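J.: Could you look at this predicted model? Sequence included:
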Amino acid sequence: MIYQVYPRSFRDFNGDGIGDLQGITAELDQVAELDIDALWLSPFFCSPQLDGGYDVSDYCDVDPIFGTLADFDDLISSATTRGLRIIIDLVPNHCSQEHRLFKRALAAQPGSAERELFIFRDGTGEAGVLPPNNWQSHFGGPAWTRIVEADGEPGQWYLHLFDSSQPDFNWDNRAVHEEFERILRFWLDRGVAGFRVDVAHALVKATGLPDWGGRADGGSTPGFPFTDAPMFGQPGIHDIYRRWRSILGEYDGERILCGEASVDPLTRLADWVREDQMHQTFNFSYLAAPWDPTELRRIVTASLEAFDSVGAPTTWVLSNHDVVRHTTRFGQGHTEPHRNGDGIGPDDHQPDHDRGLRRGIAASMFMVGLPGGVYLYQGEELGLPDHTQMPHHFRQDPAYHRTGGNRLGRDGCRVPLPWTTEGPSLGYSPNGQSWLPQPEGWAALSREAQQSDPQSVLSLYKKALSTRRQHGLGSGSLAWAENHSTDTCLAFVNNDILIILNMGDTEYLIPDLPVLVRSDMASTSSRMLAPEECIWLQVV
Ligand code: NOJ
Ligand code: CA
């Protein structure tokens, strides 16, 4: 069970309006109460913060806005005392334009060793005014930017699959491998339990950088299957992870690699977690599953089969810092999942909050009952929705700015957490500062408000997570319970627990067994499972 912390929005200790490492250390007891194994921290390294820290200018230091290396050491030791491990985010596909190696590359000549660390090419067309190929950035616009050479003339172009401030490294160059092996060891020596690897499917690009008419994020479209994308899933990538796995093996204790690989189908994603490569990879097929029992069952079965075939634990996730929170997605009244990077704003049709929360919590309880690894995103234990009314002038996501506002971006799921019922930022910051505004009404969702309420979402998560551990569900196995599966209900047994999720709009008669957990904590019905409710029953 891994809990994702998005540091800038978790807790601001020093009052500058941005969450920091000391803030995380200060609240570790709150997180430990959730009975999790590890925290994964999104980037806190030196960065100009043009993509929320996924634009790293120094991989081996802490950005001053988040604190110092000494603060990180304190966090590790405080976490260890509580039996929690710390996983950090490694961003190997690209760095920041402010990274010393990129600055040196800009100052050097075309063809130099400095430039060979990145992907520089001459332009096409007359005088090289056109980009080297037609690749598009994930955040909109071309994936190439032209530089001005030392002589003041327009010169080569460099590749950036994301923002122009995030130049891609050239993983065909041994020197890049050596640089990252040094970075891995730096953090392993400091005691991290492993790495979440950012865009782990993109490092190696096809020779010759051929044109690609498909989607920038590689998602399959007619005529352009993901498997053909020249910037994703290239065979050479796997040797990199074999090497990293062997480096982790040199260290004591359990150290893991978890890949952020947007790869489909699931059978192919399993290649990332073969026994000599990563330990886990995110399951984005599961995250994108609509509120539909047939489709959900298909994805769960396919996930278990794919991961079992390589002996890796299947993982499950519903929310993270890149997608609309699932309590909001499920309130949208249609089955289309939200694409990465497309938020909801004040001009859009507003989701049904109550329905989203009800479905979202039921979906969470279904997920927490599954065997394998579960990833939670900070604030989902409070049932937080996205901020769907955020005024546009607050938006910081490069996806918003690079598309002229066509895509709203991911700020709506990155809003600072509410800790207390009072104060201008609800306890997030000691003086009320906050880098993004919190929506109206979040006092009632604050940790303080929920802590003492036995029927709160927080109390439900605590109960479910401790029951999951007591009954060994993480290392259990799934058997679909056909006698309780209907057109609208999904049911499975994991170890000694029967879990039923009612995705329909009529009640379902449940067997007369002791109730361990139910997503509607206020329910008084002993035999009927309400629509959009999930229940855990003790099989005797
Ligand atoms: C995936 C990260 O989760 C996202 O936040 C980031 O913008 C891109 N990778 C680029 O690093
Ligand atoms: Ca701060």
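T.: Thanks, I have the structure now. Ligands and ions are numbered 1, 2, ... in the order given.

J.: how about the helices of the stretch 401-540 of the chain, start to end?
T.: In the stretch 401-540 of the chain, the segments counted as helices under DSSP state H, counting those that start in this stretch are 447-451, 457-470.

J.: So which of the ones you listed is nearest ligand 2?
T.: helix 447-451 (18.5 Å; Cβ to the ion). (Glycine included, C-beta is placed from N, CA and C.)

J.: Next up, the contacts around residue 193.
T.: By Cβ atoms under 8 Å, 6 or more residues apart in numbering, residue 193 lies in contact with 38, 85, 86, 87, 253, 254, 255, 256.

J.: ugh, typo on my part, it should be residue 510
T.: Residue 510 neighbours (Cβ under 8 Å, 6+ apart): 484, 500, 527, 528, 529, 535, 537.

J.: neighbours around the fifth one, how many?
T.: Taking other Cβ atoms under 10 Å as the criterion, the count of residues near residue 529 is 27.

J.: The chain - how does it break down into domains?
T.: 2-95+173-451, 100-159, 479-538 (automatic domain parsing).

J.: Out of these, flag the one nearest residue 471.
T.: Closest to residue 471 of the domains of the chain, according to Cβ to Cβ: domain 479-538, at 5.3 Å.

J.: Near the residue in the stretch 351-500 of the chain that ligand 1 sits nearest to, how many other residues are there?
T.: Nearest residue of the stretch 351-500 of the chain to ligand 1: residue 410, at 6.9 Å (Cβ to the nearest ligand atom). Neighbour count of residue 410, defined by other Cβ under 10 Å: 25.

J.: wait, it sits on residue 321?
T.: Yes: Residue 410 is within contact range of residue 321, at 6.5 Å (criterion: Cβ atoms under 8 Å).

J.: deepest of the domains of the chain, which one?
T.: Highest mean neighbour count of the domains of the chain: domain 2-95+173-451, a mean of 19 (counted as mean count of other Cβ atoms under 10 Å).

J.: which one of the contacts of residue 510 is nearest residue 280?
T.: Closest approach between the contacts of residue 510 and residue 280, by Cβ to Cβ: residue 500, at 27.4 Å.

J.: distance of the closest residue to that closest one other than its chain neighbours from residue 497?
T.: Excluding the flanking residues, the one nearest residue 500 by Cβ to Cβ, 6 or more residues apart in numbering is residue 491, at 4.3 Å. Relative to residue 497, residue 491 is positioned 11 Å away (Cβ to Cβ, to the nearest Å).

J.: Same check on residue 411?
T.: 38 Å.

J.: Show me what from the stretch 201-350 of the chain comes close to ligand 1.
T.: 260, 321, 322 (Cβ under 6 Å from any ligand atom).

J.: can you list these in a markdown table and add secondary structure, pLDDT and distance to residue 285?
T.: Output for those, formatted as a markdown table (DSSP: H, G, I helix; E, B strand; the rest coil; pLDDT from 0 to 100; distance: Cβ to Cβ, whole Å):
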| residue | secondary structure | pLDDT | distance to residue 285 |
| --- | --- | --- | --- |
| 260 | coil | 97 | 14 |
| 321 | coil | 98 | 19 |
| 322 | coil | 96 | 15 |
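
J.: What is the nearest of the residues you listed to residue 190?
T.: residue 260 (21.7 Å).

J.: and the closest one, what does it touch?
T.: Counting by Cβ under 8 Å, 6+ apart, residue 260 has contacts 196, 197, 198, 199, 200, 281, 282.

J.: Equivalent analysis for residue 516, please.
T.: Contacts of residue 516 were listed using Cβ under 8 Å, 6+ apart, and they are 467, 497, 536, 537, 538.

J.: do you know how far the residue nearest to it when sequence neighbours are not counted is from residue 355?
T.: In this structure, residue 516 finds its nearest non-sequential neighbour in residue 536, 4.4 Å apart by Cβ to Cβ, 6+ apart. Between residue 536 and residue 355 the computed distance is 22 Å (Cβ to Cβ).

J.: do residue 47 as well
T.: 38 Å.

J.: Same question for residue 287.
T.: 19 Å.

J.: How about this structure, which of its residues are in the neighbourhood of ligand 2?
T.: Contacts of the chain with ligand 2, taken as Cβ under 5 Å from the ion, map to 12, 14, 16, 18, 20.

J.: For these, name the two members farthest from one another.
T.: 14 and 18 (8.8 Å).

J.: before we move on, back to that, let's have the contacts of residue 193 in a markdown table, adding pLDDT and secondary structure.
T.: Listed next are these as a markdown table, based on pLDDT from 0 to 100; DSSP: H, G, I helix; E, B strand; the rest coil:
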| residue | pLDDT | secondary structure |
| --- | --- | --- |
| 38 | 98 | strand |
| 85 | 98 | strand |
| 86 | 98 | strand |
| 87 | 98 | strand |
| 253 | 94 | coil |
| 254 | 94 | coil |
| 255 | 98 | coil |
| 256 | 97 | strand |
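
J.: Restricted to strands, list the contacts of residue 260.
T.: Those of those mapping onto strands are 196, 197, 281, per DSSP state E.

J.: So in terms of bridging, what pairs with the last one?
T.: In this structure, residue 281 has the following beta-bridge partners (DSSP bridges): residue 259.

J.: Distance of it relative to residue 417?
T.: From residue 281 over to residue 417 the distance is 27 Å, taken as Cβ to Cβ.

J.: for the first one, same thing?
T.: Residue 196 sits at a distance of 20 Å from residue 417 (criterion: Cβ to Cβ).

J.: Next: residue 528.
T.: Taking Cβ to Cβ, one finds residue 528 at 35 Å from residue 417.

J.: got it, and residue 441?
T.: Distance, residue 441 to residue 417, by Cβ to Cβ: 15 Å.

J.: same thing with residue 138?
T.: For residue 138, the distance to residue 417 (Cβ to Cβ) stands at 27 Å.
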